[in-house]
Each structure stands twice: as structure tokens, then as C-alpha cells.
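S.K.: Here is my input, please return the structure:
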Amino acid sequence: MIRRAGLEDVNAVAALFRRSFGTLTFLPTLHTPDEDRGYFRGVVADREVWVWDEGSSILGFAALADDELTHLYVDPDAQGRGIGGALMERAKERRPDGFQLWVFQQNANARRFYERRDFVLVRETDGSGNDELTPDSLYACSP
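M.R.: All right, here's what the predicted structure looks like:
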């Protein structure tokens with residue numbers, strides 16, 4: 001069910017991102033669906049992206065760049081089924097020396113998810129370094 005994403009998956013990945021990101025009601029919507037598709041075309045082309053594909057429907061994806069997990073999203077209707085955990089395990093397999101990730105401070109569910117998977121808080125910021133200008137936290141996981 002987990003496979004490497006290809007350019008043919010860009011539209012599905014971008015749509016899933018929009019659905020999932022849209023549940024974070026504390027964040028502003030900064031981009032259009034077309035901009036999302038353009039952005040994720042670059043992500044799929046330039047990074048290691050893994051998707052959870054179930055019956056030709058993509059229900060989750062994880063994107064890795066060097067030592068950072070840049071995206072981990074699961075379709076809101078598919079959360080709680082182990083998809084995010086399975087994608088995280090794939091990321092850990094692919095980055096056995098560890099990696100880091102950013103999460104918004106207000107995203108309590110995501111923070112609990114990462115902390116249950118041995119990520120530790122490295123630092124918190126006021127959000128001035130992200131597009132949303134929303135406080136975030138850097139987490140890291142070591143082998």
C-alpha cells in the first residue's frame with residue numbers, strides 16, 4: 001500500500017494536502033488549488049515522496065528532503081487507521097540516522113503523534129520564519 005510517488009500523483013497529493021491542511025482552522029489559506037498543484041509538482045520531482053495508495057486512492061503521503069520530513073498528511077476521513085504511523089515508519093527506514101520536522105504549536109494532535117513516536121522538541125519559534133507567520137516547533141528523532 002505504500003509506494004513511491006510519481007508525477008502522475010501530483011493532483012491527488014495536492015488535493016489531499018488541501019483537505020488535510022484545511023482542517024487546521026487556525027491557519028490562513030495562502031494559496032490556490034492551482035498553486036498547490038504547482039508546488040507539489042516540485043516536491044514530487046525533487047524529494048522522496050511516499051504515498052499510501054488504497055484502491056487507486058491516495059490517503060496519505062510523506063515527503064523527505066535530506067534530513068527533514070517536510071510533509072506528512074493523511075486524508076481527514078482516513079485518520080486513525082494507522083496510515084500516518086506507517087508512513088512515519090517508512091520515513092524512519094529511509095532516514096536511519098534520524099531527521100527533523102516542523103509542526104505548528106497549535107497542532108496538538110500532530111505534536112502528540114510525533115511525541116508518541118520518539119520525537120523530541122528541539123525549539124519553538126514565533127512563526128516569523130514560516131509563510132503562515134504562525135508559531136511552530138522543531139522536533140527531531142534520533143536512531
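
S.K.: Now do the strands in the chain.
M.R.: 2-4, 48-54, 57-65, 68-74, 99-104, 120-124, 136-141 (DSSP state E).

S.K.: Tell me which strands the last one pairs with, and in which orientation.
M.R.: Using DSSP bridges, strand 136-141 pairs in its sheet with strand 99-104 (antiparallel), strand 120-124 (antiparallel).

S.K.: Ok, which of the strands of the chain comes nearest residue 23?
M.R.: strand 68-74 (9.9 Å; Cβ to Cβ). (Glycine included, C-beta is placed from N, CA and C.)

S.K.: what residue of this protein is the furthest out?
M.R.: The outermost residue of the chain, judged against the average C-alpha position, is residue 55 (21.3 Å), by Cα atoms, centre = their mean.

S.K.: And that one, its phi and psi?
M.R.: In terms of degrees, to the nearest 10, the main-chain angles of residue 55 are phi 60, psi 40.

S.K.: so how far is residue 6 from it?
M.R.: Look at residue 55 and residue 6: by Cβ to Cβ, to the nearest Å, they are 17 Å apart.

S.K.: Same question for residue 130.
M.R.: Distance, residue 130 to residue 6, by Cβ to Cβ: 28 Å.

S.K.: between these two, which one's more packed in?
M.R.: Each of residue 130 and residue 6 has its neighbours counted (other Cβ atoms under 10 Å); residue 130 has more, 14 against 11.

S.K.: for the closest residue to the more buried one other than its chain neighbours, what are its contacts?
M.R.: Ranked by Cβ to Cβ, 6 or more residues apart in numbering and with sequence neighbours excluded, the top spatial neighbour of residue 130 is residue 136, at 5.7 Å. By Cβ atoms under 8 Å, 6 or more residues apart in numbering, residue 136 lies in contact with 102-105, 124-125, 127, 129-130.
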